[in-house]
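Asker: attaching a predicted model along with its sequence, questions to come.
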Amino acid sequence: MGAAITDVLTLALRPVYARWRGWARRNGGVESTGAMVRRAIPRLETGLMHGQLGIFQGRRHGRDVPAFCRSALRHARRVASAMAMAFCGLCSTAVSAQADRVTADADGTVHVPARQVPLSNYLSPEARDFMIRRLTTPIPPAAADIVQARASVETTLAPLVSAAQERYPARVLRTTLGGVPVLDVSPRAGISKRNAHRVLIELHGGAFAICETACAMVESLPAAVIGGIRVVAVSYRQGPEHKFPAASEDVAAVYRALLAHYRPQNIGIFGCSAGGMLAAESLAWFQTHGLPRPGAAGILCASVVDFGGDAPFVGWPLDDGTLLPPPSEGDRIGRRGELPPFPYFEGAEARDPLVQPGHFPEVLARFPPTLVATGSRGFDASSAYETHRRLWRAGVPTELHVWDGLPHGFHSDTSLPESRELIQVMLRFFDAQLGRRARQNITGESLKRGGE
């Protein structure tokens, strides 16, 4: 009888254990669950030993064997309970290990379990407060139409514009150049002697649809006052009323008008987001329309290619809590080779050198020295890195500057030390590059061959 009980329990539990052990190994919990099983096995053996001893003693003393069987089975039930607890622990541990494990699909798509991500320890106190406000303030619902959207953005950013005006006193003149509306910005303290023959063209962001005044002001004011330089902010045509290449045409018209008073090497061009994209598009447009190359460019929080790479999926949730749909669905941002879903680009082709010049090395090779800047939490970060890489490969003198833990277009809040720093970095770059005689760029391939 004792042998029978032993055989029955052993046969019953051994395959269960084997199945659990295999499952645990496949799902990352085998080490922890193995320890639990090892603790449970001695209890099983002890229980079985007690049951066998009871049956043996019953036979020896001529007592009722079934009673001793019941005693043995009570031991077995205790053992089974211990094993059940062990297996429950095994299940819990293995499931926990599975839920807490990073996994990857065959195509390399990574699945990351929920995590807490603190603010970067490199942020200034002002930037920390800025990020907390940004992450905890609900995103307002989209406006019903483009007129309301534009008014809403201007109203929302009005406090930032007012703060920038107080911090950076400047004269702002609304006028036209080449038939295009512009904001002509100069420091109240006057233009420095060093920059008397220099000018910067600013191109505002806003998805080629909104933010015409506010975005222009928060960039142009600090650039003009810190740099002691004239800044011309272009109010270019936007979607949905206008389509590509309307904005490029407007920038070219303003550039032509400035060439009547400035040498091309003394003109810099820069912008953030849509403005950074437009800066790159305009440089390509100048090439195909017989305009000389300007002295330098600044592509801020933008790209010469698509907004792809890791950043849309990693940076955006850490920026304002936005989660993109999977790469195979929904929004085109984050999908390789695609244009952002802006009405302005309806009918345009991503592989047009006047739209995404980064795909054409021969076009990039004729770019002026170019500064690239971004924040590590910006959805544009990956594309900024790729922009810098492609410019370098094309032989363009280029610098890449990244501010850790900060989002897309963070410098629109001029109160941040990091915002002032970004403008200072850009102005230092322009100061070093403007006025230089245009030179032949040396490509990355030429450098590999020793500059031949």
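Answerer: That came through fine.
Asker: please, which helix or strand holds residue 156?
Answerer: Assessed by DSSP states H and E, residue 156 sits inside helix 146-167.
Asker: ok, the nearest residue to residue 417 once chain neighbours are set aside - contacts?
Answerer: Leaving aside its sequence neighbours, residue 417 sits nearest to residue 124 (C-beta to C-beta, 6 or more residues apart in numbering; 4.7 Å). C-betas here are computed from N, CA, C, even on glycine. The neighbourhood of residue 124, defined by C-beta atoms under 8 Å, 6 or more residues apart in numbering, consists of 416, 417, 418.
Asker: got the phi and psi for residue 124?
Answerer: Main-chain torsions, residue 124, degrees, to the nearest 10: phi -70, psi 160.
Asker: start the count at 39, not 1, going forward
Answerer: Noted, 39 is the first residue going forward, which turns the last one into residue 162.
Asker: can you tell me what sits against stretch 194-210?
Answerer: 178, 221-227, 249, 251-253, 255-256, 258-260, 262-264, 450-453.
Asker: any quick ChimeraX command for the buried ones out of those residues?
Answerer: Remark: buried members of the contacts of stretch 194-210, expressed as a ChimeraX selection using 16 or more other C-beta atoms under 10 Å:
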select :221,222,223,224,225,249,251,252,253,255,256,258,259,260,262,263,450,451,452
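Asker: what's the distance between residue 466 and residue 306?
Answerer: 12 Å (C-beta to C-beta, to the nearest Å).
Asker: re the thing from before, so which of the contacts of residue 162 sit within helices?
Answerer: 455, 456 (DSSP state H).
Asker: and which of the contacts of residue 162 is nearest residue 301?
Answerer: residue 456 (33.0 Å; C-beta to C-beta).
Asker: contact partners for the closest one?
Answerer: By C-beta under 8 Å, 6+ apart, the neighbours of residue 456 are 161, 162, 165, 441, 444, 448, 449.
Asker: can you rerun that using 10 Å?
Answerer: 160-162, 164-165, 168, 413, 441-444, 448-449 (C-beta atoms under 10 Å, 6 or more residues apart in numbering).
Asker: with residue 402 instead?
Answerer: Residues in contact with residue 402 (C-beta under 10 Å, 6+ apart) are 318, 321-322, 342, 391, 395-396, 408, 425, 428-434, 436, 479, 481.
Asker: how about it: what's its closest non-neighbour residue?
Answerer: Excluding the flanking residues, the one nearest residue 402 by C-beta to C-beta, 6+ apart is residue 432, at 3.8 Å.
Asker: and that neighbour, how many neighbours?
Answerer: Residues lying near residue 432 (other C-beta atoms under 10 Å) number 25.
Asker: what's the spacing between the residue lying closest to residue 450 once chain neighbours are set aside and residue 211?
Answerer: What sits nearest to residue 450 in space, not counting adjacent residues and going by C-beta to C-beta, 6+ apart, is residue 256, at 4.7 Å. Remark: distance between residue 256 and residue 211 (C-beta to C-beta) = 18 Å.
Asker: returning to what we had before: the residue nearest to residue 450 contacts residue 454, correct?
Answerer: No - the criterion here is C-beta atoms under 10 Å, and residue 256 misses it with residue 454 at 11.4 Å.
Asker: residue 409 is in contact with residue 306, isn't it?
Answerer: Yes - the criterion here is C-beta under 10 Å, and residue 409 meets it with residue 306 at 9.4 Å.
Asker: between the two, tell me which one has more neighbours.
Answerer: Neighbour totals were compared for residue 409 and residue 306, and residue 306 leads with 30 against 26 (other C-beta under 10 Å).
Asker: checking that one next. Helix, strand or coil?
Answerer: Counting by DSSP: H, G, I helix; E, B strand; the rest coil, the backbone at residue 306 sits in strand.
Asker: and it, how far from residue 335?
Answerer: 7 Å.
Asker: now the common contact residues for the two.
Answerer: Both residue 306 and residue 335 are in contact with 239, 317, 406, 407, 409, 467, 468, 471, where contact means C-beta under 10 Å, 6+ apart.
Asker: mind checking the SS state of the first one?
Answerer: Using three-state DSSP, the three-state assignment for residue 239 comes out as strand.
Asker: can you pull the contacts of it?
Answerer: Neighbours of residue 239 in contact, by C-beta under 10 Å, 6+ apart: 215, 220, 269-272, 289, 292-293, 296, 305-309, 313, 317, 320, 332, 335.
Asker: those residues in helices, which ones?
Answerer: Per DSSP H, the contacts of residue 239 map to helices at 289, 292, 293, 296, 313, 317, 320.
Asker: among these, who's most crowded?
Answerer: residue 313 (32 neighbours).
Asker: ok, and the closest non-adjacent residue to it?
Answerer: residue 241 (3.6 Å).
Asker: which residue comes closest to residue 261 once chain neighbours are left out?
Answerer: residue 269 (5.2 Å).
Asker: number of nearby residues for that neighbour?
Answerer: With other C-beta under 10 Å as criterion, residue 269 counts 27.
Asker: gap between residue 333 and residue 151?
Answerer: Taken as C-beta to C-beta, the span from residue 333 to residue 151 is 50 Å.
Asker: of those two, which one has the most company?
Answerer: residue 333 (25 against 10).
Asker: where do the strands sit along the stretch 289-438 of the chain?
Answerer: Assigned by DSSP state E, counting those that start in this stretch, the strands in the stretch 289-438 of the chain fall at 305-310, 334-338, 408-413, 436-441.
Asker: no further queries at this time; thank you.
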